[in-house]
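*Asks:* Need the 3D shape of this:
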Amino acid sequence: MPANVSYFLSDNACFGLAKSCVKLDNTYRTLVMEQNAWFFRLFFLLFSCFAAVAYEYSVSAASGSFFSCLLRGSAWAFAIFILLFAIERRFKKYSLRTINTAFVGLFVGSLMGSAVIFSIQSLINVIRPSFEVPNSLMVVAFFASVYLGIMLISTSAERWWLNIPFIRLAPAEQRKTREIIVDLAAIEDTRLIELARTGLLDHLLVVPTFIVKEIQKSLESPDEVTRTRGRKCHEHLKRLECLPQLGLTIKEFHFHDSEDLATRLTRAAKLTQAYLLTSQDVFSLKGEEDFVTTINLETISIALKPGAQRGEALSIKIQRLGKEPKQGVGYLEDGTMVVVNGGGEHLGQTIRTQVLSQKYSSSGKIIFCNAVTGDEKRTIGQEGSQYSQLLSTVL
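*Replies:* Residues are numbered from 1 along each chain as shown. Predicted coordinates:
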């Protein structure tokens with residue numbers, strides 16, 4: 001067997017073994033956490049049974065036997081346990097940040113309610129001291145204030161970062177470098193590997209575990225197109241891990257599998273205050289709504305694309321007249337505006353132009369050209385034929 005083939009097979013086997021070890025470690029930690037949770041649940045159930053039976057026996061010791069008190073107390077304890085267990089399962093669908101936001105909103109709303117009630121009572125005592133404020137009005141004012149406080153905090157928590165324990169107290173210069181979470185489209189894009197080789201992404205790239213699981217599902221899919229995409233992502237992920245200076249990190253996120261991939265990626269970026277790297281426009285609007293900054297590989301590629309050089313020949317279709325006389329305007333395939341001097345006479349035609357200069361404005365890049373006349377076309381053609389003859393002579 002050739003050495004390069006054996007090296008590839010050994011590398012592939014090591015990658016599969018490492019991934020299996022990570023999966024087993026995550027499974028073991030999940031089982032340990034679940035066992036601990038059930039221990040605390042059973043401890044609470046036994047404590048509730050003891051407390052309920054003791055209460056029933058103290059209340060009805062004279063009228064009932066100990067066995068009946070035991071049955072009633074145990075029934076009450078089991079009912080309370082089942083209710084709390086259902087609430088716990090329901091709460092697991094919400095993040096800790098959401099629960100913290102609700103409690104902070106409840107606290108702020110309670111303060112607002114107390115202030116409103118105190119203001120109403122003080123105002124009525126000044127206007128009509130003998131008038132007694134109805135309790136129903138106080139209750140309505142208090143609960144309305146609590147509701148408004150919760151909604152105020154929930155709608156502005158992402159911008160103010162008030163949800164404890166995620167409050168940011170450190171000054172700006174002490175904040176660590178923000179990580180970059182990659183999605184499936186970015187992993188599938190070959191340009192990510194070339195960008196990683198430059199060193200700009202060293203110790204910044206993070207691949208969530210649910211992305212790795214999606215790649216595994218794609219490899220096991222019956223659809224050929226999905227399997228091909230999964231193999232491509234798997235190969236690119238291996239190549240990224242083989243870059244020693246990159247320091248690729250695979251991070252565990254505990255999100256519900258019923259959520260779509262875009263939602264989980266957005267929540268992971270919000271939770272770690274990270275950037276989101278993609279090569280598609282799916283997250284553009286979602287990132288703006290959820291305060292997640294997205295980095296698009298396509299946008300980076302367009303921004304780094306070299307511009308037109310002075311003297312370069314371009315074929316441009318004149319689509320409209322320019323501001324100056326005899327000036328025409330056309331566009332390149334990427335939407336770059338091209339202003340052609342002498343192109344106003346060729347409206348609707350595709351003509352040959354020669355680049356003069358380019359500049360950047362608030363609307364983007366603008367290229368200025370001159371329309372190539374007949375003599376200039378012949379000159380360019382002669383230069384091209386001379387070059388072809390010289391090339392054929394050399395060869």
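*Asks:* what sits up against stretch 113-126?
*Replies:* 131, 133, 137, 138, 141, 142, 143, 144, 145, 146, 149 (Cβ atoms under 8 Å, 6 or more residues apart in numbering). Just so you know, the C-beta spots here come from the backbone N, C-alpha and C atoms, and that holds for glycine as well.
*Asks:* Could you tell me what pLDDT the model assigned to the last one?
*Replies:* I take that to be residue 149. Here, the pLDDT recorded for residue 149 equals 81.
*Asks:* buried set for the host helix or strand of it?
*Replies:* Element membership for residue 149, per DSSP states H and E: helix 135-160. Buried residues in helix 135-160, counted by 16 or more other Cβ atoms under 10 Å: 141, 142, 145, 146, 148, 149, 150, 153, 157, 158.
*Asks:* I'd assumed residue 130 was in a strand, is it?
*Replies:* No. Applying DSSP: H, G, I helix; E, B strand; the rest coil, one finds residue 130 to be coil, outside a strand.
*Asks:* Look at the spatially closest residue to residue 60 that is not a sequence neighbour and say how many residues are nearby.
*Replies:* Distance criterion Cβ to Cβ, 6 or more residues apart in numbering; nearest residue to residue 60, sequence neighbours excluded, is residue 69 at 6.4 Å. Counted with other Cβ atoms under 10 Å, the neighbours of residue 69 add up to 21.
*Asks:* can you give me the helices for the stretch 251-395 of the chain?
*Replies:* Ranges of helices in the stretch 251-395 of the chain, per DSSP state H, counting those that start in this stretch, are 261-272, 283-289, 297-303, 374-394.
*Asks:* Over to the stretch 101-250 of the chain?
*Replies:* Using DSSP H, counting those that start in this stretch, helices in the stretch 101-250 of the chain cover 135-160, 184-188, 191-197, 209-219, 224-241.
*Asks:* Averaged pLDDT, the second one. What do you get?
*Replies:* Pointing back at helix 184-188 there. 90.
*Asks:* Which neighbouring elements make contact with it?
*Replies:* In this structure, helix 184-188 makes packing contacts with helix 209-219, helix 224-241, strand 275-278, judged by 3 or more Cβ pairs under 8 Å, 6 or more residues apart in numbering; DSSP states H and E.
*Asks:* Kindly recompute the last result at 10 Å.
*Replies:* Applying 3 or more Cβ pairs under 10 Å, 6 or more residues apart in numbering; DSSP states H and E, we find helix 184-188 packed against helix 191-197, strand 205-208, helix 209-219, helix 224-241, strand 275-278, strand 294-296, helix 297-303.
*Asks:* go on, the first one?
*Replies:* If contacts are counted by 3+ Cβ pairs under 10 Å, 6+ apart, helix 135-160 sits against helix 96-127.
*Asks:* quick check: domain ranges of the chain?
*Replies:* 3-91, 96-160, 176-303, 313-394 (automatic domain parsing).
*Asks:* Highest mean neighbour count out of those domains?
*Replies:* Stretch with highest mean neighbour count among the domains of the chain: domain 176-303 (a mean of 16; mean count of other Cβ atoms under 10 Å).
*Asks:* still on that earlier bit, how about the helices and strands packed on helix 184-188 in JSON lines, adding mean pLDDT and distance to residue 104?
*Replies:* Formatted as JSON lines, the helices and strands packed on helix 184-188 follow (pLDDT from 0 to 100; distance: least, Cβ to Cβ, whole Å):
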{"stretch": "helix 191-197", "mean pLDDT": "89", "distance to residue 104": "39"}
{"stretch": "strand 205-208", "mean pLDDT": "90", "distance to residue 104": "28"}
{"stretch": "helix 209-219", "mean pLDDT": "90", "distance to residue 104": "29"}
{"stretch": "helix 224-241", "mean pLDDT": "90", "distance to residue 104": "40"}
{"stretch": "strand 275-278", "mean pLDDT": "90", "distance to residue 104": "26"}
{"stretch": "strand 294-296", "mean pLDDT": "87", "distance to residue 104": "28"}
{"stretch": "helix 297-303", "mean pLDDT": "81", "distance to residue 104": "37"}
